[in-house]
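Q: okay, predicted coordinates and the sequence, questions at the end:
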Amino acid sequence: MLFAGLPAVLYLGLPPELLKPQLYLALSLFVVTVAALVWAGSHLRGQGVLRRKPPLSSVLFTPPAAARAAAHLGRDLFHDFDAVAVAAVLLPRDQLTSWLRGELHAAAWAQTQGDAGWSAAWAVRRGLLRRTLDRLGKSESEVLAPPGLDPEAVAWCPYCDTEYRESLASCRDCALPLVALADPA
């Protein structure tokens, strides 16, 4: 309401006193939000979930950021967790499978790039992804199977699920190598 009333005061010449109740309400909500952020952050730190204090500076110095206080707190909430563990907990099963497909494809490609140390690190990552698939009761080949939605598609990107009707080496969106689809003829 404050931002809706501000143009009326600035451009239409309405008296600024019309904004006082809205300003007091906005200030009250800001103070309550900061207090809730401090309380939630302290509570989560006490439980050992957060390692550091909640990011108050981003909310205090930019009051509009208070509208996204939970996002500022959540940014550090999963900081020490692996993305696979967070995805396994938060994503529905079909979205998790799609995400794992993209991660497996990217990890397989990354394993072929760089030196032996990086290759070993990506092999470990693929092992973690495979163990997650095992818990879902799916195999890597089953998850990496092309969708076959477009009968005229000749290539497919498992990372972003884009299908191509022309033969390209890499995806235009994510730059990962494409998988050639079997010729239907």
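A: Nice, I can see it. Everything numeric in this text was worked out from a predicted model, so none of it was measured. Numbering: from 1, shown residues only.
Q: for the longest helix along the chain, buried residues please.
A: Ordering each helix of the chain by length in residues (DSSP state H) puts helix 20-46 first. Within helix 20-46, the residues scored as buried using 16 or more other Cβ atoms under 10 Å are 26, 30, 33-34, 37, 40-41, 44. Yep, even glycine has a C-beta here, placed from its N, CA and C like the rest.
Q: and it, average pLDDT?
A: For helix 20-46, mean pLDDT is 85.
Q: ok, now stretch 67-84?
A: Across stretch 67-84, the average pLDDT comes to 74.
Q: returning to that earlier point: can you name the element that comes right after the longest helix of the chain?
A: helix 56-60 (DSSP states H and E).
Q: could you list every helix and strand in contact with that next one?
A: Helix 56-60 sits against helix 20-46, helix 69-77, with contacts defined as 3 or more Cβ pairs under 8 Å, 6 or more residues apart in numbering; DSSP states H and E.
Q: so which residues of the chain form strands?
A: Taking DSSP state E as the test, the strands found in the chain are 155-157, 162-164, 179-180.
Q: please identify the deepest-packed of the ones you listed.
A: strand 155-157 (a mean of 21; mean count of other Cβ atoms under 10 Å).
Q: report all helices and strands that that one contacts.
A: So strand 155-157, by 3+ Cβ pairs under 8 Å, 6+ apart, packs with strand 162-164, strand 179-180.
Q: any chance of these in a markdown table, plus mean pLDDT and distance to residue 18?
A: Below are these laid out as a markdown table (pLDDT from 0 to 100; distance: least, Cβ to Cβ, whole Å):
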| stretch | mean pLDDT | distance to residue 18 |
| --- | --- | --- |
| strand 162-164 | 89 | 52 |
| strand 179-180 | 88 | 61 |
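Q: domain ranges for the chain?
A: 2-77, 92-144, 146-185 (automatic domain parsing).
Q: pull out the buried residues from the last one.
A: Residues of domain 146-185 classed as buried under the neighbour-count rule (16+ other Cβ under 10 Å) are 153-159, 163-164, 171, 176-178, 181.
Q: could I get those residues as a markdown table with distance to residue 83?
A: What follows is those, written out as a markdown table (distance: Cβ to Cβ, whole Å):
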| residue | distance to residue 83 |
| --- | --- |
| 153 | 29 |
| 154 | 31 |
| 155 | 27 |
| 156 | 23 |
| 157 | 20 |
| 158 | 17 |
| 159 | 14 |
| 163 | 26 |
| 164 | 27 |
| 171 | 20 |
| 176 | 17 |
| 177 | 22 |
| 178 | 24 |
| 181 | 28 |
